[in-house]
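Participant: sharing a model prediction with you, sequence too.
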Amino acid sequence: MSHFVLIAVVSLLAAPAAQADPFAGPVKKQDKQSKSEPKQTTALTGCVDEQDGHYVLLDARTLNPIANLDPNGVPAEDLFAKHVGQKVTVRGSSTSGGSPPVFKVRSIETVSEMCAAPAPSR
């Protein structure tokens, strides 16, 4: 009989912990990847250009490549073609440490209709 009482007491003590918040939804397990590699949205500003069939973002001053643009599942022509030659801000995440890195674009915003290198200084 003493085992029965001990089991009943342990059950009563454990029950409130399991029902701490009756309005809480199901507990979701966190993905291990999200803990170790959080995806951080960043923004880059530069000029869109097409080079060798790929779209790149160029530094507006030097016209050197800043990033290779990845349309992130959207056809590249739909996302980048209308922005070639424009100064834009792209938001997304860098996916590699290459030179230049690949930048997965989530959104694109026109800053200026034209993107030209500055005139040489005298």
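Facilitator: On my side now, so go ahead. Remember, predicted model here, so these are calculated numbers, not experimental data.
Participant: which secondary structure state is assigned to the closest residue to residue 54 other than its chain neighbours?
Facilitator: Leaving aside its chain neighbours, residue 54 sits nearest to residue 68 (6.1 Å; criterion: C-beta to C-beta, 6 or more residues apart in numbering). For the C-beta atoms, the positions are set from N, CA and C on the backbone; glycine is no exception. At residue 68 the chain is in strand, as set by DSSP: H, G, I helix; E, B strand; the rest coil.
Participant: number the chain from 46, please
Facilitator: All right, first residue 46 from here; so that's residue 113.
Participant: give the bridge partners for residue 113, please.
Facilitator: Beta-bridge pairing for residue 113 (DSSP bridges): residue 101, residue 147.
Participant: show the contacting residues for it.
Facilitator: Taking C-beta atoms under 8 Å, 6 or more residues apart in numbering, we find residue 113 in contact with 99, 100, 101, 143, 145, 146, 147, 148.
Participant: what is the neighbour count of residue 106?
Facilitator: Residue 106 has 10 neighbouring residues, counting by other C-beta atoms under 10 Å.
Participant: burial of the closest residue to residue 148 other than its chain neighbours, as a residue count?
Facilitator: Leaving aside its sequence neighbours, residue 148 sits nearest to residue 112 (C-beta to C-beta, 6+ apart; 3.9 Å). Neighbours of residue 112 under the rule other C-beta under 10 Å: 23.
Participant: gap between residue 112 and residue 149?
Facilitator: Note on residue 112: its distance to residue 149, by C-beta to C-beta, to the nearest Å, is 10 Å.
Participant: identify the contacts common to these two.
Facilitator: Counting by C-beta under 8 Å, 6+ apart, the contacts common to residue 112 and residue 149 are residue 139.
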